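# could you work out the structure for the sequence below:
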Amino acid sequence: MYGDTAVMRRRAASLREQAADLRRTADHLVAQAEAVDWTGRAAEGMRTRIRERAAHLREVAGLHDTAADSLDLHGAEVDRLKDGIADRERRAEALVADARTRAGRLESSQAAGAARIEPTEDDSALVAFVPPPAGHRDWLTVDLPGL
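Numbers count the residues shown, from 1 in each chain. Presented below is the predicted three-dimensional model:
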């Protein structure tokens, strides 16, 4: 297995929740600073500084969203590749099974005294095929006749 995409999706959701929390915190800090009954240059300086810090929190929230989007895209690509591996594995297994059946029939007919007939090159290649481990990425590059 090349990645548990359910875990990836949960982590992406967690990143989005953290982003929302950061935005709420930024909004709350600004609201609190604005609500303080204090005037003057120092008060305005504090409010400006709080707004700047809130902007930084919102920027970090945006980075969390970007990371979550990237993780979702990665998970989708992992799922696509795993599906491709499984599909090629199933198709190869069917091709090999069919070739073995045909090879078995040839052997049976020859054992019964029929003229010697050689299996096709494709069937020979399929019968001789040594598959990669189940689910391995090498399935994506397997080159078999009919695959």
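# secondary structure element for the residue nearest the centre of the chain?
Centroid check for the chain by C-alpha atoms, centre = their mean gives Val78 as the closest residue, at 2.3 Å. Following DSSP states H and E, one finds Val78 within helix 41-111.
# after that helix comes which helix or strand?
Downstream of helix 41-111, the first helix or strand assigned by DSSP H and E is helix 121-128.
# so which bits of that next one are buried?
123, 125-126 (16 or more other C-beta atoms under 10 Å). All C-beta spots, glycine's among them, are computed from the backbone N, C-alpha and C.
# relative to helix 41-111, how tilted is it?
110 degrees (axes from the mean of the first three to the mean of the last three C-alpha atoms, to 10 degrees).
# related to what we said a few turns ago, Tyr2 versus the residue nearest to the centre of the chain, what's the distance?
For Val78, the distance to Tyr2 equals 6 Å [C-beta to C-beta, to the nearest Å].
# and what of Leu81?
The value you get for Leu81 to Tyr2, if C-beta to C-beta is used, is 7 Å.
# who touches both of those two?
Common contacts of Leu81 and Tyr2, defined by C-beta atoms under 8 Å, 6 or more residues apart in numbering, comprise Arg137.
# which one of these two has more residues nearby?
When neighbours are counted by other C-beta atoms under 10 Å, Leu81 and Tyr2 differ, and Leu81 comes out ahead with 15 against 12.
# pretty sure the more buried one sits against Leu140.
Yes: at 7.0 Å, Leu81 and Leu140 qualify as touching, with contact defined as C-beta atoms under 8 Å.
# fine, thanks again, bye for now.
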